[in-house]
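Engineer: Sequence and predicted model, in that order:
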Amino acid sequence: MEIVDGEAISPEEANGPGWITAYNRKPSKSKAKQPQDARPTSTRGRRRNGGRTTGPRGAYERLVATSRLPQLPRDTYRIIVRPRDSLNVAKITPVQFEQSLAMAAALAPQDLTEDSICPDVTQNIFVVCTPSERNARAYTTVQQLRLRDTLYRVAVYPAPPDDTCKGVIRGIDLDLNDNQLRELIVTKRNPSALEVKRIKNTPAVTILFQGMQVPNYVYCGASIIRCTLFRRHAEVCYNCGSLGHRADVCPSPNTTWCRTCGLKTPPENHQCKPHCTLCGGPHPTSDKDCKRKFQVPYIVRQRRRRRRQRGRSRSRGPSGASSRNSSATSSTSAASRRSRSVTPAARRRSALHSRSRSRGRSPSRQAGLTWADRVQGKQQSQRSPPPTKQP
């Protein structure tokens with residue numbers, strides 16, 4: 001599968017209101033209810049065998065580790081709330097945000113009994129999960145929230161459903177709008193396509209697919225177009241220099257930093273050496289040469305994890321089979337080493353020895369005799385017996 005460079009787009013464009021229609025096209029999974037003890041529990045954040053795990057070393061690894069959210073309900077509408085006006089998510093209590101969001105969406109408290117709200121401090125956003133389409137559409141209409149007697153602007157949009165992935169097609173005419181693209185792509189010829197959306201005013205179009213596999217080619221009407229896996233930029237704030245959130249949701253917009261070396265509140269006319277805070281390379285942060293500029297797609301991470309698991313399972317294997325294989329391998333290698341160490345003359349002598357032993361068919365005559373005895377006895381048998389004296 002081919003991976004291309006992502007486009008610099010805002011989250012609202014990548015996860016616009018059009019994605020909410022993908023929830024209706026996505027087939028629902030009917031899961032049988034399992035007993036409480038048989039349900040798989042989340043192991044995120046736990047230690048294996050009670051021990052400590054090695055912490056992430058680089059800035060990118062720390063960013064990935066801190067941006068992980070707790071286990072959220074699946075098969076629900078997932079709504080993203082991005083605050084504006086320097087609102088810091090870490091300083092807002094979840095209950096206060098819940099009440100303000102319900103009031104702005106015109107929802108009663110009993111309408112939120114099945115909803116879940118989780119703050120993401122790293123990205124400075126709120127994630128709302130609801131099984132109700134009515135609540136999801138009500139959330140997307142919110143444009144501002146009142147918190148502590150202050151109005152804050154927010155951008156609310158639905159995220160793509162679970163068990164989906166994005167692909168990119170290029171070279172699409174700019175005259176086609178999203179509705180026309182939807183009629184051309186979301187058809188029976190592309191059974192896994194759920195929704196389409198153009199990236200800004202570019203000829204590139206993102207397609208949301210059902211499942212974790214992006215097809216290599218898609219039909220756009222009758223045309224067959226190459227499709228590649230979409231990946232996003234690593235989020236870097238150009239206001240404060242922090243990793244994980246963008247400048248539009250920065251809680252500290254007045255903080256200055258040097259993008260070349262990463263120094264916070266640098267003095268005027270300071271001399272610096274290029275240093276990337278993402279990968280530590282000798283270039284400005286999130287430069288085009290940065291190897292950490294693009295996030296690794298979830299599909300790629302999942303396939304790498306499965307490949308590592310298969311490699312570990314092959315290396316372990318059954319204990320008995322592995323011991324037998326190791327002993328057979330060692331004996332074979334020892335025999336090959338012995339065969340390589342024997343000279344050609346020794347091989348010929350050994351062959352003559354084996355042929356001479358095979359000639360003797362009587363085990364009673366050959367038992368207990370050495371090679372010299374057998375040779376001497378053969379020579380004596382060929383001699384004529386001594387004459388006997390007549391009386």
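Structural biologist: Noted; the coordinates are in hand.
Engineer: Low-confidence bits of the protein, can you list those?
Structural biologist: Residue ranges of the chain with pLDDT under 70: 1-68, 292, 294-301, 303, 317-391.
Engineer: in this structure, which spans are helices?
Structural biologist: 11-14, 20-25, 59-66, 94-104, 133-140, 178-185, 298-316, 319-341, 344-359, 363-366, 371-382 (DSSP state H).
Engineer: So what's the residue count around residue 175?
Structural biologist: Here the number of neighbours of residue 175 (other Cβ atoms under 10 Å) works out to 6. Bear in mind the C-beta positions are built from the backbone N, C-alpha and C, glycine included.
Engineer: Any figure for the gap between residue 304 and residue 311?
Structural biologist: 11 Å (Cβ to Cβ, to the nearest Å).
Engineer: Name the nearest residue to residue 236, ignoring sequence neighbours.
Structural biologist: residue 286 (4.8 Å; Cβ to Cβ, 6 or more residues apart in numbering).
Engineer: same deal with residue 125?
Structural biologist: residue 82 (5.1 Å).
Engineer: Could you report the separation of that neighbour from residue 225?
Structural biologist: Applying Cβ to Cβ to residue 82 and residue 225 gives a distance of 32 Å.
Engineer: cool, residue 194 as well?
Structural biologist: 17 Å.
Engineer: who has more neighbours, these two?
Structural biologist: residue 194 (24 against 15).
Engineer: Verify the contact between the more buried one and residue 206 for me.
Structural biologist: No: counting by Cβ atoms under 8 Å, residue 194 stays clear of residue 206, with 11.3 Å between them.
Engineer: What's the local residue count around the residue nearest to residue 236?
Structural biologist: 20.
Engineer: For it, list the residues it contacts.
Structural biologist: Contacts for residue 286 (Cβ atoms under 8 Å, 6 or more residues apart in numbering) come out as 233-234, 236, 276, 278, 293.
Engineer: returning to that earlier point: spit out the contact partners of the residue nearest to residue 125.
Structural biologist: By Cβ under 8 Å, 6+ apart, the neighbours of residue 82 are 11-12, 124-125, 154-157, 248-249.
Engineer: who are the neighbours of the lengthiest strand in the chain, in terms of helices and strands?
Structural biologist: Across the chain, the longest stretch assigned as strand under DSSP state E is strand 150-158. Helices and strands touching strand 150-158, by 3 or more Cβ pairs under 8 Å, 6 or more residues apart in numbering; DSSP states H and E, are helix 11-14, strand 77-83, helix 133-140, strand 144-147.
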